[in-house]
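Q: Return atomic coordinates for the entry below.
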Amino acid sequence: MSTKQHFIIVGAGILGASLAFALTQRGHGVTILEKTAPASAASGKSFAWLNANYPDTPEYFELRIAALAHYRALAQSHELSDLVQFGGSIWWEDEGEDFDKHVALLRSFDYDCEVVDAARVKVLAPALVAPPEKALYAPAEAGVSLVGLTQWMLAEATRRGATLHVGTDVHAPIMRGGRVTGVLTNLGEIAGDHVVFAAGIGSADLVGALGYRLPMNNADGLILRSHPMPAMIDQVIMSPDVHFRQDPDGTLLMGEIFSGSFDKGQDIPALAADVVNRVRAKLIDGQDLQLAQVQIGTRPVPADGFPVVGGVPGAPGASLAVMHSGATLGPLIGSLLCGELLGEAPSPLLAAFRPERFLEG
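A: Prediction:
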């Protein structure tokens, strides 16, 4: 076993929590610094659909497939049925030629999916009022209570000795002797052997102080949550006019589109009411659905849309983990980054997603 080290993790969302979980499992010391509350930013305002439905590149598809497998292994080694809903997805967001193109794309990647008719959809999801004549069923996909999973990972990490500081605002990294040695906070300096920035949209400014420019294209999103309801649907439903799924605790998560994006200046209360009505119309007993929360958040999205994971260029002792697809990728990224921080061989899964790709010149 490697010499015990002490790691500072900035951010207590799913990425910070998963890394703390992995490091403490390996017997290392961890201090987690969170400005507001765990999973209070993007991790708490995510649709949290676990999928590889949009491949983009072979490398990204491979990473997401590995992430889905990691979730299943995690759920099997720990009883997480109250957090993860492995019901697959039913997708007919696009229709006609666009539907066929999407199916062809996924089949070109040999993705586990099948085109199903209305009768099969009705068997899979009997609560749907009017099942589509044609849909894509992806059985390996899932939904996760991301706040619950983040809190569980943090609880496991603290049980193994990690310390979680809530209300700690990190002002800047500290570099001495050509190496990052800690961070300056509202509580003073906090030192560690290695600092990992997993603070979502706040990470770019923090690593910017180290001379590394991380271009971001962050996106605002709207996610709605219902009051808990009896179990109605196991799958993630991706229809043309609304997306929704149900967490194990009965809460329905809803959005006009998967990303939750909306036009600036839009009447949010009116949009929320419209989305709820669309979901009600798609479900038997949907009239019982009652809106409990309207959440607007900003999702961290690196400029090219892909994850950024690894050491901060020109700043030994500092690493970075920022991505929009934190719900799907978070637990796997925490595990992979943990291994690298402890001196294991760099993961081939992360080769295409290193911070160096944004270096100028």
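
Q: contacts and neighbour counts: CA atoms only from here.
A: Will do.

Q: does residue 116 count as helix, strand or coil?
A: Three-state assignment for residue 116 (DSSP: H, G, I helix; E, B strand; the rest coil): strand.

Q: Same question for residue 333.
A: Classified using three-state DSSP, residue 333 is helix.

Q: Just give the nearest non-adjacent residue to it, would you?
A: residue 15 (7.2 Å; C-alpha to C-alpha, 6 or more residues apart in numbering).

Q: Next up, the contacts around the one you found.
A: 198, 321, 326, 330-331, 333-334 (C-alpha atoms under 8 Å, 6 or more residues apart in numbering).

Q: And those, which two are furthest apart?
A: Distance extremes for those: the farthest pair is 198 and 331 at 12.8 Å, using C-alpha to C-alpha.

Q: what ranges do the strands span in the stretch 1-150 of the chain?
A: Remark: strands assigned in the stretch 1-150 of the chain by DSSP state E, counting those that start in this stretch are 6-10, 29-34, 49-50, 84-85, 89-91, 114-117, 134-138, 142-144.

Q: For my notes, please list those in JSON lines and give mean neighbour count for each entry.
A: What follows is the strands of the stretch 1-150 of the chain, written out as JSON lines (neighbours: other C-alpha atoms under 10 Å):
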{"stretch": "strand 6-10", "mean neighbour count": "25"}
{"stretch": "strand 29-34", "mean neighbour count": "24"}
{"stretch": "strand 49-50", "mean neighbour count": "26"}
{"stretch": "strand 84-85", "mean neighbour count": "22"}
{"stretch": "strand 89-91", "mean neighbour count": "25"}
{"stretch": "strand 114-117", "mean neighbour count": "16"}
{"stretch": "strand 134-138", "mean neighbour count": "22"}
{"stretch": "strand 142-144", "mean neighbour count": "26"}
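
Q: export the ones you listed to TSV and tack on mean pLDDT and distance to residue 238?
A: Formatted as TSV, those follow (pLDDT from 0 to 100; distance: least, C-alpha to C-alpha, whole Å):
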stretch	mean pLDDT	distance to residue 238
strand 6-10	98	34
strand 29-34	98	33
strand 49-50	98	10
strand 84-85	96	16
strand 89-91	98	5
strand 114-117	98	14
strand 134-138	98	9
strand 142-144	98	12
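
Q: Let me see the ranges of the helices in the stretch 151-300 of the chain.
A: Ranges of helices within the stretch 151-300 of the chain are 203-208, 268-282, based on DSSP state H, counting those that start in this stretch.

Q: Quick one: closest of those to residue 3.
A: Across the helices of the stretch 151-300 of the chain, residue 3 has its closest neighbour in helix 203-208 (26.7 Å, C-alpha to C-alpha).

Q: Need the residues that contact that closest one.
A: Counting by C-alpha under 8 Å, 6+ apart, 171-173, 197, 213-216, 312, 320, 322 sit against helix 203-208.

Q: Tell me which residue of this protein is furthest from the middle?
A: residue 177 (35.3 Å; C-alpha atoms, centre = their mean).

Q: What pLDDT does the model give it?
A: Residue 177 is assigned a pLDDT of 95 by the prediction.
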